[in-house]
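**Q** Need a 3D model of the sequence below.
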Amino acid sequence: MMQQSVVLVKPDGLQRGLIGEIIARFERKGLKLVALKMTTLSHDVLDQWYAHHKEKPFFSGLKAFMMQTPIIAMVWEGLDAVDTIRKLVGLTKGREAEAGSIRGDFAMSQSNNLIHASDSVENAKKERNLLFAQGEIFAYESGVDCLVYSKEELGK
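**A** Residues are numbered from 1 along each chain as shown. This next block holds a predicted model:
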């Protein structure tokens, strides 16, 4: 099923100049970019984004880290996009992440791990609504969809 997933390039990924490399990996996989922007995250957005971490001792440090520079926010689309993107991103702790994944190739830390990817379809919708207005997400037919997916997968 076609899904959308939110991906953030965190401040460490921005400062290390890995935006192009990260985007290229998703493009090469065959995912479709439907939204992209550079933005700063507010206290309110981060409180909602990381609500599940609010009572943990590292929460204030996490918020400070995510607010130190702008981030790159993206929405990617594809069949089973949420799970596919999670595999491309790799395990949370960079030094344990699989070689070939983004974190496995470029990250050593658990917190400074370059990238965020939605962990479920439900969270993808929540995250998308927190960061993007309706007019900032684009629906279009990709010229390569017929090369990335079979006709059966596309329902054609």
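**Q** Phi, psi for A139 please.
**A** phi -100, psi 120 (degrees, to the nearest 10).
**Q** number of nearby residues for it?
**A** Neighbours of A139 under the rule other C-beta atoms under 10 Å: 7. For every residue, glycine as well, the C-beta is placed using N, CA and C.
**Q** what's the spacing between it and V34?
**A** Per C-beta to C-beta, to the nearest Å, A139 is found 7 Å from V34.
**Q** E127 now?
**A** Where V34 is concerned, E127 sits at a distance of 14 Å (C-beta to C-beta).
**Q** Pick out whichever of those two has more residues nearby.
**A** Each of E127 and V34 has its neighbours counted (other C-beta under 10 Å); E127 has more, 24 against 19.
**Q** Could you tell me whether the more buried one really is in a strand?
**A** No: counting by DSSP: H, G, I helix; E, B strand; the rest coil, E127 is not part of a strand but helix.
**Q** wait, isn't it in contact with S118?
**A** Yes: applying C-beta atoms under 8 Å, one finds E127 in contact with S118, separated by 5.6 Å.
**Q** and for the two, which residues touch both?
**A** Shared contacts of E127 and S118 (C-beta atoms under 8 Å, 6 or more residues apart in numbering): V6.
**Q** Give the other helices and strands that the helix or strand S5 falls within contacts.
**A** S5 belongs to strand 2-9 when assigned by DSSP states H and E. Judged by 3 or more C-beta pairs under 8 Å, 6 or more residues apart in numbering; DSSP states H and E, the packing partners of strand 2-9 are helix 19-29, strand 71-79, helix 81-89, strand 115-117, helix 121-131.
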